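Engineer: 3D model of this:
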Amino acid sequence: MKDTLKKGSLILALAGVVILSAGCGGSGAGSASAASSGAGRVLKVATEANDPPYRYVSEKNQIVGFEMDLVKAVAKEMGASVEFKDMKFSQLLDSVAKKDVDMAIGTLTVNEKRKQKVDFSDVYFKRSAYTVVVPKKGNSIRSENDLKGKTVAVKKSSTFETRAKEMGFGKVVPLDHYEDIYKAVAEGKAEAGISDEQAANYYLAHGGSEKLTVVGTLPGGNNFAIAIAKDNGKLKDEVNKALKKVMESGTYDELANKWFSYKAADRK
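Structural biologist: Residues are numbered from 1 along each chain as shown. Model (predicted):
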């Protein structure tokens, strides 16, 4: 265990961290949404619509965000439209394995345990660390060792939940959404929260910085990919070919700059 947290270069552009677009497409929670192309084929895509700027339900009751635009761009290359199914993060892989949906997207980290249940596309986003969120006032956490014995909120069913239980925290509190983590820290129900960097920056830039701040990061590499049923190699090949086109054509970078305007997304 390292003694100090790696300081993240967090640039909070309050006026422009995320450029939202009312015309992103998507759907309300639990409802359907078609992409702008592909009138015939429809891909059912599971997601957890509560992790901005990756995905969330807009004021117009549409599921929008970086991953939503990305999967629609992939579907467009495949000549298909998209129908989103909003559900809990912990249900995403099961929905794919049971073939209730064609695929799932939602900052899903590829690891061996998950690969026993589903298959994955090529990686579309690479994260190198987790962000540590703490109260803005009365906070004494300055290093990884300072988290020992503390009550720490983490995302339920995330790869960090397992790791957190091995790190010597006093208590690990698994919660469904990152927003739940931030609220738990702000309300004193947890002394620190572990979050995705992009999600934390978005929350802080949209009012969260009044009560919360970031003290640094914990190392933890994660590769995000689209989950696909294990026996659906044809769909996996189609998705990978389409994803490659999206990433090489400049569309990916446009979406990264749109949703993560202060920093281009890391990718493999």
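Engineer: Only C-alpha atoms from now on, for both contacts and neighbour counts.
Structural biologist: Noted.
Engineer: residues of the longest strand seen in the chain that come out buried?
Structural biologist: The longest strand of the chain (DSSP state E) is strand 212-224. Judged by neighbour count (16 or more other C-alpha atoms under 10 Å), strand 212-224 contains these buried residues: L212, T213, V214, V215, G216, T217, L218, N222, N223, F224.
Engineer: where does the residue nearest to the last one when sequence neighbours are not counted sit relative to V74, distance-wise?
Structural biologist: Ranked by C-alpha to C-alpha, 6 or more residues apart in numbering and with sequence neighbours excluded, the top spatial neighbour of F224 is T109, at 4.6 Å. Relative to V74, T109 is positioned 19 Å away (C-alpha to C-alpha, to the nearest Å).
Engineer: which residues sit in contact with E191?
Structural biologist: V134, P135, K150, T151, V152, A153, V185 (C-alpha atoms under 8 Å, 6 or more residues apart in numbering).
Engineer: nearest spatial neighbour of the most centrally placed residue in the chain, skipping sequence neighbours?
Structural biologist: In the chain, the centroid-proximal residue (C-alpha atoms, centre = their mean) is T107; its distance is 3.5 Å. Using C-alpha to C-alpha, 6+ apart and skipping the chain neighbours, the partner closest in space to T107 is F224 (5.4 Å).
Engineer: same check, this time on K137
Structural biologist: K211 is the one closest to K137 (C-alpha to C-alpha, 6+ apart), at 7.5 Å.
Engineer: was I right about A153 contacting A184?
Structural biologist: Yes. Judged on C-alpha atoms under 8 Å, A153 makes contact with A184 at a distance of 7.3 Å.
Engineer: and for these two, which residues touch both?
Structural biologist: Counting by C-alpha under 8 Å, 6+ apart, the residues touching both A153 and A184 are A190.
Engineer: These two: which has the busier surroundings?
Structural biologist: It is A153, of A153 and A184, that has more neighbours when counted by other C-alpha atoms under 10 Å, with 28 against 19.
Engineer: Angles on the backbone of K183, please.
Structural biologist: Main-chain torsions, K183, degrees, to the nearest 10: phi -70, psi -40.
Engineer: Can you give me the separation between it and Y124?
Structural biologist: Applying C-alpha to C-alpha to K183 and Y124 gives a distance of 29 Å.
Engineer: Over to R55?
Structural biologist: 15 Å.
Engineer: same check, this time on A104
Structural biologist: Distance from A104 to Y124, by C-alpha to C-alpha: 13 Å.
Engineer: Likewise for T217?
Structural biologist: 22 Å.
Engineer: next one: Q198
Structural biologist: 15 Å.
Engineer: rewinding a little: so which of K183 and Y124 has more stuff around it?
Structural biologist: Y124 (21 against 17).
Engineer: ok, back up a step: report the lowest-confidence entry in the buried residues of strand 212-224.
Structural biologist: Lowest pLDDT of the buried residues of strand 212-224: N222, 77.
Engineer: pretty sure the residue nearest to T107 is touching F125, no?
Structural biologist: Yes. With contact defined as C-alpha under 8 Å, F224 counts as touching F125 (5.1 Å).
Engineer: quick one on the thing from earlier: any idea which element the residue nearest to the centre of the chain lies in?
Structural biologist: In this assignment (DSSP states H and E), T107 forms part of neither any helix nor any strand.
Engineer: Kindly state the pLDDT recorded for it?
Structural biologist: Reported pLDDT for T107: 91.
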